[in-house]
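# Give me a 3D structure for the following:
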Amino acid sequence: MGRSAHPLLVGRWKRGGLMGLNKEVRLWVEGIDETSLKCRDLHHSWNHYTAGRKGRGYERTLVCKGCDTLKVQSLSSRGMILKTKYQYIEGYLRPKGLGRVTKEENALIRLQSIIKVVES
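Numbering: from 1, shown residues only. Next up is the predicted model:
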(Lines give C-alpha, C1' and ligand atoms only; values in the text may rest on other atoms or scores of the structure.)
Protein backbone atom coordinates (compact mmCIF):
# COMPACT_ATOMS: atom_id res chain seq x y z
CA MET A 1 0.00 0.00 0.00
CA GLY A 2 2.95 2.32 0.57
CA ARG A 3 2.59 5.98 1.40
CA SER A 4 -1.11 6.14 0.56
CA ALA A 5 -2.11 3.54 3.16
CA HIS A 6 -4.76 4.77 5.57
CA PRO A 7 -3.49 5.03 9.18
CA LEU A 8 -5.94 2.27 10.23
CA LEU A 9 -4.26 -0.08 7.77
CA VAL A 10 -0.61 0.71 8.54
CA GLY A 11 1.01 -2.45 9.88
CA ARG A 12 -1.99 -4.60 9.04
CA TRP A 13 -0.92 -5.03 5.43
CA LYS A 14 2.21 -7.02 6.25
CA ARG A 15 0.93 -8.85 9.36
CA GLY A 16 -2.34 -9.85 7.70
CA GLY A 17 -0.78 -10.89 4.44
CA LEU A 18 -2.61 -8.17 2.54
CA MET A 19 0.61 -6.92 0.94
CA GLY A 20 0.48 -10.01 -1.26
CA LEU A 21 -2.74 -8.84 -2.88
CA ASN A 22 -2.56 -7.82 -6.50
CA LYS A 23 -2.08 -4.05 -6.90
CA GLU A 24 -5.05 -3.90 -9.28
CA VAL A 25 -7.25 -5.56 -6.64
CA ARG A 26 -6.12 -3.07 -3.96
CA LEU A 27 -6.83 -0.16 -6.31
CA TRP A 28 -10.26 -1.61 -7.16
CA VAL A 29 -11.19 -1.95 -3.48
CA GLU A 30 -10.00 1.58 -2.69
CA GLY A 31 -12.15 2.90 -5.56
CA ILE A 32 -15.42 1.14 -4.63
CA ASP A 33 -18.13 3.73 -3.96
CA GLU A 34 -19.52 3.87 -0.42
CA THR A 35 -22.90 2.30 -1.29
CA SER A 36 -21.38 -0.68 -3.11
CA LEU A 37 -18.75 -1.05 -0.40
CA LYS A 38 -21.44 -1.29 2.29
CA CYS A 39 -23.33 -3.97 0.34
CA ARG A 40 -20.14 -5.92 -0.33
CA ASP A 41 -19.20 -5.78 3.36
CA LEU A 42 -22.59 -6.33 5.02
CA HIS A 43 -24.36 -8.01 2.09
CA HIS A 44 -27.51 -6.83 0.40
CA SER A 45 -30.70 -6.03 2.30
CA TRP A 46 -33.56 -7.15 0.06
CA ASN A 47 -37.10 -5.79 -0.33
CA HIS A 48 -39.86 -7.20 -2.54
CA TYR A 49 -40.10 -5.28 -5.80
CA THR A 50 -42.35 -7.32 -8.12
CA ALA A 51 -43.86 -10.80 -8.13
CA GLY A 52 -46.16 -12.79 -10.35
CA ARG A 53 -47.00 -16.08 -12.01
CA LYS A 54 -44.63 -17.40 -14.64
CA GLY A 55 -45.44 -20.68 -16.31
CA ARG A 56 -46.35 -23.20 -13.62
CA GLY A 57 -44.45 -21.29 -10.97
CA TYR A 58 -43.61 -17.75 -9.99
CA GLU A 59 -41.03 -15.09 -10.61
CA ARG A 60 -40.14 -12.45 -8.08
CA THR A 61 -37.78 -9.55 -8.21
CA LEU A 62 -36.15 -8.19 -5.10
CA VAL A 63 -34.33 -4.86 -4.86
CA CYS A 64 -31.46 -4.04 -2.51
CA LYS A 65 -32.33 -1.19 -0.15
CA GLY A 66 -28.76 0.04 -0.30
CA CYS A 67 -27.52 -0.14 -3.87
CA ASP A 68 -30.59 -0.92 -6.05
CA THR A 69 -29.17 -4.24 -7.31
CA LEU A 70 -31.99 -6.48 -8.56
CA LYS A 71 -32.30 -10.17 -7.65
CA VAL A 72 -34.63 -12.11 -9.96
CA GLN A 73 -35.76 -15.53 -8.73
CA SER A 74 -37.71 -18.22 -10.53
CA LEU A 75 -39.77 -20.27 -8.06
CA SER A 76 -41.62 -23.55 -8.43
CA SER A 77 -45.34 -23.75 -7.68
CA ARG A 78 -44.30 -25.01 -4.22
CA GLY A 79 -42.01 -22.04 -3.58
CA MET A 80 -38.68 -23.76 -4.21
CA ILE A 81 -36.03 -21.48 -5.73
CA LEU A 82 -35.18 -22.85 -9.18
CA LYS A 83 -32.94 -20.09 -10.51
CA THR A 84 -31.53 -16.78 -9.31
CA LYS A 85 -29.91 -14.06 -11.38
CA TYR A 86 -28.68 -10.61 -10.45
CA GLN A 87 -28.70 -7.26 -12.22
CA TYR A 88 -25.96 -5.24 -10.56
CA ILE A 89 -25.65 -1.48 -10.62
CA GLU A 90 -22.86 -0.02 -12.71
CA GLY A 91 -19.52 -0.18 -10.93
CA TYR A 92 -20.56 -2.92 -8.47
CA LEU A 93 -18.81 -5.80 -10.23
CA ARG A 94 -15.05 -6.05 -10.11
CA PRO A 95 -13.14 -5.54 -13.35
CA LYS A 96 -12.91 -8.52 -15.70
CA GLY A 97 -9.72 -10.51 -15.38
CA LEU A 98 -9.41 -10.23 -11.60
CA GLY A 99 -11.24 -13.50 -10.94
CA ARG A 100 -13.43 -14.26 -7.93
CA VAL A 101 -13.19 -12.32 -4.67
CA THR A 102 -10.96 -14.19 -2.20
CA LYS A 103 -11.29 -14.22 1.60
CA GLU A 104 -8.27 -11.90 1.80
CA GLU A 105 -9.95 -9.46 -0.57
CA ASN A 106 -13.15 -9.64 1.49
CA ALA A 107 -11.04 -8.77 4.53
CA LEU A 108 -9.70 -5.75 2.65
CA ILE A 109 -13.27 -4.75 1.72
CA ARG A 110 -14.26 -4.91 5.41
CA LEU A 111 -11.28 -2.77 6.42
CA GLN A 112 -12.08 -0.24 3.68
CA SER A 113 -15.70 -0.14 4.90
CA ILE A 114 -14.53 0.54 8.46
CA ILE A 115 -12.32 3.37 7.20
CA LYS A 116 -15.34 4.98 5.50
CA VAL A 117 -17.32 4.80 8.76
CA VAL A 118 -14.46 6.25 10.83
CA GLU A 119 -13.90 9.07 8.35
CA SER A 120 -17.57 10.09 8.14
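# Off-centre distance for the lengthiest helix in the chain?
Looking across the chain with DSSP state H, the single longest helix is helix 103-119. Chain-centre distance of helix 103-119: 12 Å, with C-alpha atoms, centre = their mean, to the nearest Å.
# Quick one: residues contacting the residue nearest to the spatial centre of the chain.
The centroid of the chain falls nearest to residue 40 when counting by C-alpha atoms, centre = their mean (2.7 Å). Neighbouring residues of residue 40 by C-beta atoms under 8 Å, 6 or more residues apart in numbering: 32, 92, 106, 109, 113. All C-beta spots, glycine's among them, are computed from the backbone N, C-alpha and C.
# Now render those as JSON lines, adding pLDDT and neighbour count.
Supplementary listing: the contacts of residue 40 in JSON lines, determined by pLDDT from 0 to 100; neighbours: other C-beta atoms under 10 Å:
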{"residue": "32", "pLDDT": "88", "neighbour count": "20"}
{"residue": "92", "pLDDT": "89", "neighbour count": "19"}
{"residue": "106", "pLDDT": "87", "neighbour count": "13"}
{"residue": "109", "pLDDT": "89", "neighbour count": "19"}
{"residue": "113", "pLDDT": "89", "neighbour count": "19"}
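# Out of those residues, the closest to residue 59 would be?
residue 92 (22.2 Å; C-beta to C-beta).
# What backbone torsions are found at the closest one?
Main-chain dihedrals, residue 92, degrees, to the nearest 10: phi -70, psi -40.
# swap in residue 84?
phi -130, psi 130.
# do the same with residue 48
phi -70, psi 140.
# Next up, the contacts around residue 117.
Per C-beta under 8 Å, 6+ apart, neighbours of residue 117: none.
# Please report how far it lies from residue 110.
11 Å (C-beta to C-beta, to the nearest Å).
# What of residue 94?
From residue 94 to residue 110 the distance is 16 Å (C-beta to C-beta).
# Which one's more surrounded, those two?
For residue 94 versus residue 110, neighbours defined as other C-beta atoms under 10 Å are more numerous around residue 94 (17 against 14).
# May I ask which helix or strand encompasses residue 99?
Using DSSP states H and E, residue 99 is not contained in any helix or strand.
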